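Peer 1: Predicted model and sequence follow; I will ask about them next.
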Amino acid sequence: MRMTVLGCSGSVSGPDSAASGYLLTAPGTPPVVLDFGPGVLGALQRYADPGDATILLSHLHADHCLDMAGLLVWRRYHPNPPTGRALVYGPSDSACRIGVASAECGGDLDDVTDTLDLRQWNDRHTAEIGEITVQAFRVNHPPESYGFRITTADGRILAYTGDTGMCDAVVDLARGADVLLSEASWTHSPDRPEGIHLSGTEAGQIATRAGVGQLLLTHIPPWTSREDVIAEAKAEYSGPVTAVSAGDVYTV
């Protein structure tokens, strides 16, 4: 399985990256995109036809989902539109969130069911997509939020935290993973609010507790020092640590 970073800027788009979005490709599997934040639709077009993609939304904060409105335009108005509806997994209120973003006027709700086949995540829900298996874990973030444990046909594992504060679920989803893609939105400080994001220190602690093979740091906002977050993670985890950039490709 290959993961291409479409966007990795935390909370907002950055000067060199779209917001959150990660393309997975594997034999016998349609293109799968983890999250679909602002700028991701444009980046996706460099690597795959957006009309072919299956979308997995971790949660519905704007930086993780708002390019879904653009995907609706792509599927509805492209001169050679894709057949059928796009398969989309997301939290329970995905239809409303996407429908409000796509509506013609304020206060309206676009009925997206003509274009999207929406499936709802539940805690420990498992989905088979081509040759990969995705298990969703409810994590510690203000809206209904999930991280993913993605297993290939030959047993390789990519774990993705989504956005989360420290919790047992994020350690469980990462346990024994070959690669952990972990958010690290800020440096460690006792005044950070609980249940929102991870620091570099906490991302490193999760990697160590879960016994992962490699730690990839993501969701670092433009105002946060990448070098400081990397240094924090390396102080807690002895394996390979990298902060991802848009366009990076990793093999799991």
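Peer 2: All right, it came through fine. Residues are numbered from 1 along each chain as shown.
Peer 1: alpha carbons only for contacts and neighbour counts from here, please
Peer 2: Fine.
Peer 1: Could you list every helix and strand in contact with the strand or helix carrying Y89?
Peer 2: Assigned by DSSP states H and E, Y89 falls within strand 86-90. Applying 3 or more C-alpha pairs under 8 Å, 6 or more residues apart in numbering; DSSP states H and E, one finds that strand 86-90 contacts strand 54-56, strand 116-120.
Peer 1: Give the next helix or strand downstream of the shortest one.
Peer 2: Spelled out, it's strand 54-56. Following strand 54-56 in sequence, per DSSP H and E, is helix 62-65.
Peer 1: can I get the CA coordinates of the following helix or strand past that following helix in CSV?
Peer 2: Next helix or strand after helix 62-65 toward the C-terminus (DSSP H and E): helix 68-77. Extracted in CSV, the C-alpha atoms of helix 68-77 (Å, rounded to 0.1, in the frame of the first residue of the first chain):
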residue,chain,number,x,y,z
MET,A,68,-16.4,17.6,-0.3
ALA,A,69,-18.5,20.4,-1.7
GLY,A,70,-16.1,20.6,-4.6
LEU,A,71,-16.3,16.8,-5.1
LEU,A,72,-20.0,17.1,-5.6
VAL,A,73,-19.4,19.7,-8.4
TRP,A,74,-16.9,17.3,-10.0
ARG,A,75,-19.3,14.4,-10.0
ARG,A,76,-22.4,16.3,-11.0
TYR,A,77,-21.0,18.6,-13.7
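Peer 1: so what does helix 68-77 touch, helix or strand wise?
Peer 2: Counting by 3+ C-alpha pairs under 8 Å, 6+ apart, helix 68-77 packs on helix 94-102.
Peer 1: Buried residues in the helix it packs on, which are they?
Peer 2: By neighbour count on 16 or more other C-alpha atoms under 10 Å, the buried set for helix 94-102 is S94, A95, R97, I98, G99, V100, A101, S102.
Peer 1: Over to stretch 110-130?
Peer 2: Applying 16+ other C-alpha under 10 Å to stretch 110-130 flags D110, V112, T115, L116, L118, R119, W121, N122, R124, T126 as buried.
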